[in-house]
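A.B. asks: sharing a model that was predicted from the sequence below.
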Amino acid sequence: MNTKEEVLAILQDLTGEDLSDKMDENIFANGLMDSMASVQMLLNLQEKFEIDVPVSEFDREEWDTPSKIVAKVESLENE
């Protein structure tokens, strides 16, 4: 699996929805994710990709669509 597929799998586990055709949909505005789910998402991403995303530095606007999440994970992987 590539980064995009892994991120989508994590999001599907958290939301119960396949978001592969909704890559630019705001997952907070549409009610698929809330603050508790975002913390779980960060924990899952940190574990899966061995990246560090402190909850204190989490900016919802940078993580509000599947596309942005994939891009953010890829950028953190390359640090």
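C.D. replies: Yep, it's here. Residues are numbered from 1 along each chain as shown.
A.B. asks: and the strand or helix carrying residue 39, what does it pack against?
C.D. replies: Per DSSP states H and E, residue 39 falls inside helix 35-49. Applying 3 or more CB pairs under 8 Å, 6 or more residues apart in numbering; DSSP states H and E, one finds that helix 35-49 makes contact with helix 3-15, helix 66-77. (Glycine included, C-beta is placed from N, CA and C.)
A.B. asks: who's in contact with the last one?
C.D. replies: What it means is helix 66-77. Here helix 66-77 makes contact (CB atoms under 8 Å, 6 or more residues apart in numbering) with 3-4, 7-8, 11, 19-20, 22-25, 27, 41, 45, 49, 51-53, 62-63.
A.B. asks: list the buried residues in stretch 31-41.
C.D. replies: The neighbour-count check on stretch 31-41 (16 or more other CB atoms under 10 Å) flags 32, 33, 38, 41 as buried.
A.B. asks: ok, stretch 7-26 next?
C.D. replies: For stretch 7-26, burial by neighbour count (16+ other CB under 10 Å) applies to 7, 8, 10, 11, 14, 15, 19, 22, 26.
A.B. asks: quick check: the farthest pair among those residues?
C.D. replies: Using CB to CB, the two most remote members of the buried residues of stretch 7-26 are 10 and 26, lying 17.3 Å apart.
A.B. asks: where does the protein have low pLDDT?
C.D. replies: Along the chain, the model assigns pLDDT under 70 to no residue.
A.B. asks: spatially central residue for it, please.
C.D. replies: Geometric centre of the chain, nearest residue: residue 69, 4.3 Å, by CA atoms, centre = their mean.
A.B. asks: OK, contacts around residue 40?
C.D. replies: Here residue 40 is in contact with residue 14 (CB under 8 Å, 6+ apart).
A.B. asks: can we see that at 6 Å?
C.D. replies: If a contact means CB atoms under 6 Å, 6 or more residues apart in numbering, then residue 40 has no contacts.
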